[in-house]
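Q: kindly generate the corresponding structure for this input.
(2 chains)
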Amino acid sequence: MASNQKKFYDDSSGVTLNYDELLSQVSNQGIVKTAYAFNNSLDFLVNFIKAVVHEIDLTLIDPLNPSASLNEEVNFKSIKLSSLEEFREKINSSKVKITIFTSGTTGQPKKVVHSMSTLLREVRVSEKHSDVIWGFAYNPTHMAGLQVLLQAVCNFNPLIDVFGKGKKDITNILRSQSVTHISATPTFYRLLLPVHDPLMKIRSVSLGGEKSDEKLHANIKNAFPNARVFNIYASTEAGTIFSSHGSDFKIKPYLQSKIKVENNELFLHKTLTGDYGKTDEEWYNTGDVIEWIDENNGVFKFVSRKNEMINVGGNKVNPHDVEEKILDIDGIGSCFVYGKPNALLGNMICADVVLTNDQINEVDIKKNLRGSLEAYEIPRKIKIVTSLETTRTGKLKRN
Amino acid sequence: MNSAILESINEVKEGKGDEAITSVSNTTHLRDDLGLDSFDLAELTVRIEEKTGVDIFENGVVETIGEIAKQIDG
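A: A predicted model of the protein is given here:
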């Protein structure tokens, strides 16, 4: 099979595209939608690649965050791309600016503008990646999805779409399409595992976006016995920064001068991040607290967030923002928002509220919050209590 | 059919502003038939556990009403 006959995308329900077809779509004149809300995955991916190759600045919008919906289109002229290598070179040298949004910790998602240098920093191209088949399990409007997309495209690997599919479909697809590599959030694996029969062809499993646990790692080992397992630390602001095989991360030599730790908090130099609107800041504070394992050799592990963000299936929720919105509702006296550990999502948002008006109930409160909070920020369980107790250290205690 | 299951599903649905459903069967699929996403499933497990004391995800992910019933009935 000639290399450009290779598959680029397959959604396992009839929508496929080969690399030669991708090349012709990208090189023949066409249009780029410059503010693209994610709907159909293949169109979205092709639009992204066209924008990169033709250097047409692009904003990627998650429909959950419809904060910048625009319908602009930019025409591009035909170019000659005679080989996949030439196509890859176009991606590598592109001066495009890609705008993405954080998942919105303060209600209003934060915008970050990236150049290809941040997006490609951890992309590895080599002969040993040539037979990789990716299970594409991320929403492509966010950093992790873009990283998988670029890793695949730069090695001319197929992307097998499993995003948003059910457990049975995913395992069937991973098997029938002989997927070798998969990168996803711990929540994705928690929903998928355990499986009946181990998936022997999976060679690499990556986890990122939230904390994983030992039970999950054991399930992953059982389900994918031939896989190397990676933990990945990446952020919307900076892309992928660290990866490791366990909970210990090592700072690579080329990053040593670009990473600093103060009071156990991790800072990234601005040359590592995209433009997130604070150009005067030399260092970006990740808000992540680390603990040195071997400081001289740059080995550490992540301990927690400095702030109290609650991770719900990879989405970060600030409990104080949720409390503020609940307190805006008439008839609420006080409230306490917290994450309840949950096997599926890591945490589930819950709230205890004290009412000043007995007429309102849980459903009313949720209905009220729907307009002002993201779906994942709305407490799933709201308990009506008579008072909120505090401990001597000032922490709220549940009745 | 354990009434706690239907009751819990409707609590989840009402919380999202969806209409309540009147019946389910053992083959009803939580995701495909009832449109429950992972956030809804997480909430459902908590609500069922409160009513029955059973963690329906204890032995892995369940996908149908019948699988929930089996977990509850032991």
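Q: CA only for contacts and neighbour counts going forward, please
A: OK.
Q: quick one: the strands in the stretch 151-300 of chain A?
A: With DSSP state E, counting those that start in this stretch as the definition, the stretch 151-300 of chain A shows strands at residue ranges A:159-161, A:181-184, A:204-208, A:228-235, A:239-244, A:248-250, A:259-262, A:265-269, A:283-294, A:299-305.
Q: now distance to residue A:17 too, for those strands, in TSV please.
A: Below are the strands of the stretch 151-300 of chain A laid out as TSV (distance: least, C-alpha to C-alpha, whole Å):
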stretch	distance to residue A:17
strand A:159-161	10
strand A:181-184	19
strand A:204-208	24
strand A:228-235	29
strand A:239-244	27
strand A:248-250	37
strand A:259-262	40
strand A:265-269	38
strand A:283-294	38
strand A:299-305	40
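Q: just for the chain, where's the confidence low?
A: I went with chain A, as the question did not name one. Chain A contains residues with pLDDT under 70 at A:1-4, A:63-71, A:103-108, A:210-213, A:215, A:304-307, A:389-399.
Q: I was thinking of chain B, sorry if that wasn't clear
A: Using pLDDT under 70, chain B drops low at B:1.
Q: and the residue in chain B that chain A sits nearest to, how many residues sit next to it?
A: Chain B approaches chain A most closely through residue B:15 (5.2 Å), counting by C-alpha to the nearest C-alpha. Number of residues near residue B:15 (other C-alpha atoms under 10 Å in any protein chain shown) recorded here: 22.
Q: for chain A, what are the nearby residues on chain B?
A: Residues of chain B lying close to chain A (C-alpha under 8 Å from any C-alpha of the partner chain) are B:14, B:15, B:16, B:17, B:31, B:38, B:39, B:42, B:43, B:57, B:60, B:61.
Q: identify the farthest-apart pair in those.
A: The span of the residues of chain B next to chain A, defined through C-alpha to C-alpha, is set by B:17 and B:60 at 28.4 Å.
Q: tell me, how many residues neighbour residue A:75?
A: Neighbours of residue A:75 (other C-alpha under 10 Å): 12.
Q: in whichever strand or helix holds it, what counts as buried?
A: If you go by DSSP states H and E, residue A:75 is part of strand A:73-76. Residues of strand A:73-76 classed as buried by neighbour count (16 or more other C-alpha atoms under 10 Å in any protein chain shown): residue A:76.
Q: how about chain A: which residue is closest to chain B?
A: Closest point on chain A to chain B, by C-alpha to the nearest C-alpha, is residue A:363, at 5.2 Å.
Q: give the contact list for the residue most central in space within chain A.
A: Centroid-nearest residue in chain A: residue A:144, 4.2 Å away (criterion: C-alpha atoms, centre = their mean). Contact analysis of residue A:144 by C-alpha atoms under 8 Å, 6 or more residues apart in numbering or on different chains lists A:138, A:234, A:239, A:240.
Q: can you count the residues close to the third one?
A: The burial metric for residue A:239, expressed as a neighbour count using other C-alpha under 10 Å, is 23.
Q: who's it bridged to?
A: Counting by DSSP bridges, residue A:239 is bridged to residue A:235.
Q: for it, which residues are in contact?
A: By C-alpha under 8 Å, 6+ apart, the contact list for residue A:239 reads A:118, A:119, A:121, A:143, A:144, A:147, A:273.
Q: again, 7 Å this time
A: Counting by C-alpha atoms under 7 Å, 6 or more residues apart in numbering or on different chains, residue A:239 makes contact with A:118, A:119, A:143.
Q: would you mind listing what in the stretch 101-250 of chain A touches chain B?
A: Within the stretch 101-250 of chain A, the positions near chain B by C-alpha under 7 Å from any C-alpha of the partner chain are A:191, A:193, A:194.
Q: what about 8 Å?
A: So the stretch 101-250 of chain A meets chain B at A:166, A:191, A:192, A:193, A:194 (C-alpha under 8 Å from any C-alpha).
Q: tell me how many other residues crowd the residue lying closest to residue A:202 once chain neighbours are set aside.
A: Using C-alpha to C-alpha, 6 or more residues apart in numbering or on different chains and skipping the chain neighbours, the partner closest in space to residue A:202 is residue A:180 (4.1 Å). Residue A:180 is flanked by 22 other residues according to other C-alpha under 10 Å.
Q: ok, residue A:180 touching residue A:204?
A: Yes: shown here, residue A:180 and residue A:204 form a contact pair, counting by C-alpha atoms under 8 Å, at 6.5 Å.
Q: quick check: residue A:227 touching residue A:205?
A: Yes: the pair residue A:227 / residue A:205 is scored as a contact, 6.1 Å apart, by C-alpha under 8 Å.
Q: where do the helices of chain A begin and end?
A: Listed in chain order, the helices of chain A (DSSP state H) span A:19-27, A:41-54, A:84-93, A:116-120, A:143-154, A:167-176, A:186-192, A:214-223, A:319-327, A:362-369.
Q: got CSV for those, with distance to residue B:49 too?
A: Listed next are the helices of chain A as CSV, based on distance: least, C-alpha to C-alpha, whole Å:
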stretch, distance to residue B:49
helix A:19-27, 49
helix A:41-54, 37
helix A:84-93, 51
helix A:116-120, 43
helix A:143-154, 34
helix A:167-176, 22
helix A:186-192, 18
helix A:214-223, 21
helix A:319-327, 24
helix A:362-369, 18
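Q: one step back: closest to residue A:247 among the contacts of residue A:144?
A: Each of those was scored against residue A:247 by C-alpha to C-alpha, and residue A:234 proved nearest at 14.3 Å.
Q: who's in contact with the closest one?
A: A:143, A:144, A:208, A:209, A:240, A:241, A:242.
Q: mind running it again at 6 Å?
A: A:240, A:241 (C-alpha atoms under 6 Å, 6 or more residues apart in numbering or on different chains).
Q: mind checking how far it is from residue A:83?
A: Distance of residue A:234 to residue A:83, given as C-alpha to C-alpha, to the nearest Å: 32 Å.
Q: quick check: nearest residue in space to residue A:75, chain neighbours excluded?
A: Spatial nearest neighbour of residue A:75, excluding adjacent residues (C-alpha to C-alpha, 6+ apart): residue A:31 at 4.3 Å.
Q: which ones are touching that neighbour?
A: Listed by C-alpha under 6 Å, 6+ apart, the contact partners of residue A:31 are A:74, A:75, A:76.
Q: related to what we said a few turns ago, hmm, the residue of chain B closest to chain A is touching residue A:363, no?
A: Yes: counting by C-alpha atoms under 6 Å, residue B:15 does reach residue A:363; the two are 5.2 Å apart.
Q: okay, now residue 49: neighbour count?
A: In the absence of a named chain, chain A is used. Neighbours of residue A:49 (other C-alpha under 10 Å): 22.
Q: my bad, the chain I had in mind was chain B
A: By other C-alpha under 10 Å, neighbour count at residue B:49 equals 17.
Q: helix/strand/coil for it?
A: Here residue B:49 takes the helix state, with states given by DSSP: H, G, I helix; E, B strand; the rest coil.
Q: ok, for it, nearest residue in space, not its chain neighbours?
A: Leaving aside its sequence neighbours, residue B:49 sits nearest to residue B:55 (C-alpha to C-alpha, 6+ apart; 5.3 Å).
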